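Asks: Got a sequence here, can you build the structure:
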Amino acid sequence: MIKLTVRQMEYFDALAQTLHFGRAAEIAGVSQPALSSQIAEMEERLGCRLFERSAKAVRLTDEATALQPRIEKLLAELREIERFAAQGRGAMEGRFRLGIIPTIAPYLLPRILPEIRERFPKLRLELREAVTGTLVEETLGRRLDAFVAAMPIEAAGLATEELFADRFLLAVPRDDPAFAAPPVPPESPALERLMLLEEGHCMREQALSVCGSVKPVAMASYGATSLTTLLQMVAHGMGVTLVPEMAIEAAGAMPDLKIVPFAEPMPERRVCLAWRRNGPMQEEAQALAAIIREVSAQSGPQRSRQAPRRRANAS
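Replies: Numbering: from 1, shown residues only. Sure, this is the predicted structure:
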């Protein structure tokens with residue numbers, strides 16, 4: 001009898017979906033050699049090649065194409081068993097794996113974690129900080145149960161619930177004469193000094209969108225990996241950067257930095273919670289969304305800009 005493990009089927013499914021060993025390994029939460037080894041063992045047990053490998057591409061063989069829907073069906077049935085097991089325990093108990101993007105995590109988590117611990121003491125929250133693309137892949141790959149990010153989330157299979165609006169302001173050197181008379185129009189030439197987060201961060205694209213017709217040229221060959229790094233660079237006179245309203249308290253504590261508003265209508269991002277549609281943790285995800293919305297309405301800059309309570313399905 002051929003014996004395949006659930007792990008091997010999950011690795012096969014991840015590789016069949018991505019056709020990329022590196023991305024499949026990220027989804028599965030293992031190293032690329034470990035995934036490759038399991039795929040090779042799966043091929044040996046089945047007695048056939050499942051993937052054609054070349055320097056430029058990975059392709060499904062005919063055998064893998066025929067096997068893929070069967071593997072998907074088996075994994076779907078296992079998820080039904082997970083959902084049944086989840087119903088056997090009380091709501092908001094056990095492990096919940098939550099992802100959150102880096103430009104939200106340091107500012108939102110201190111507000112919501114105490115409330116979550118107080119209301120749901122039996123919930124074991126595990127946190128993962130990563131860029132949106134990684135969180136989408138890991139949620140679809142069942143490595144995460146939900147994640148917090150900026151909208152839109154364009155991924156079939158995910159449900160989203162909008163939480164609140166977060167306006168953008170501009171962090172500038174405190175004595176910079178170019179910003180002596182705010183608000184700042186989006187076409188201001190001073191925005192050419194805008195510094196950006198590295199590729200993969202959604203706030204990079206949001207910053208470029210805010211600039212409108214102005215093309216940022218500062219730090220053209222460098223991308224910072226965190227908002228804190230950018231703010232430190234601004235404080236040392238190296239340029240200016242976009243800062244979300246939820247971060248202005250931390251930014252305002254830097255003595256050589258000043259926060260100035262944009263001209264109305266001020267740009268903003270809409271923050272949401274996303275999870276697998278029809279997944280076993282929907283009830284927990286919706287409860288977390290309610291807490292985040294409530295806490296955001298009671299404290300912080302988002303108080304007067306609470307998002308409407310509604311759900312949307314990304315497609």
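Asks: which residues of the stretch 201-315 of the chain fall in helices?
Replies: When secondary structure is read from DSSP state H, counting those that start in this stretch, the stretch 201-315 of the chain shows helices at 202-211, 227-235, 248-252, 282-298.
Asks: Comparing these, which comes out most buried?
Replies: When you average the neighbours per residue for each of those (mean count of other C-beta atoms under 10 Å), helix 227-235 leads with a mean of 20. Heads up, the C-betas are built off the backbone N, CA and C, glycines and all.
Asks: what angle sits between that one and helix 202-211?
Replies: 40 degrees (axes from the mean of the first three to the mean of the last three C-alpha atoms, to 10 degrees).
Asks: List the contacts of helix 227-235.
Replies: When contacts are defined by C-beta atoms under 8 Å, 6 or more residues apart in numbering, helix 227-235 is touched by residues 102-103, 106, 171-174, 195, 197, 203, 219, 224, 239-241, 243-244, 247, 250-251, 254-257.
Asks: Just the buried ones among those, please.
Replies: When neighbours are counted using 16 or more other C-beta atoms under 10 Å, the contacts of helix 227-235 contain these buried positions: 102-103, 106, 171-173, 195, 197, 203, 219, 224, 239-241, 243-244, 247, 251, 254, 257.
Asks: Nearest to residue 162, out of the helices of the stretch 201-315 of the chain?
Replies: Comparison of those against residue 162 by C-beta to C-beta identifies helix 282-298 as nearest, at 8.7 Å.
Asks: picking that back up, would TSV of the helices of the stretch 201-315 of the chain with mean pLDDT and distance to residue 182 be doable?
Replies: Formatted as TSV, the helices of the stretch 201-315 of the chain follow (pLDDT from 0 to 100; distance: least, C-beta to C-beta, whole Å):
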stretch	mean pLDDT	distance to residue 182
helix 202-211	72	15
helix 227-235	85	15
helix 248-252	81	14
helix 282-298	90	25
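Asks: Residue 77 is nearest to which of these?
Replies: Ranking these by distance to residue 77, with C-beta to C-beta as the measure, places helix 282-298 first at 18.2 Å.
Asks: From the chain's centroid, how far away is that closest one?
Replies: Going by C-alpha atoms, centre = their mean, to the nearest Å, the spacing between the C-alpha centre of helix 282-298 and its chain's C-alpha centre is 17 Å.
Asks: what does the average pLDDT come to for stretch 105-124?
Replies: This predicted structure assigns stretch 105-124 an average pLDDT of 90.
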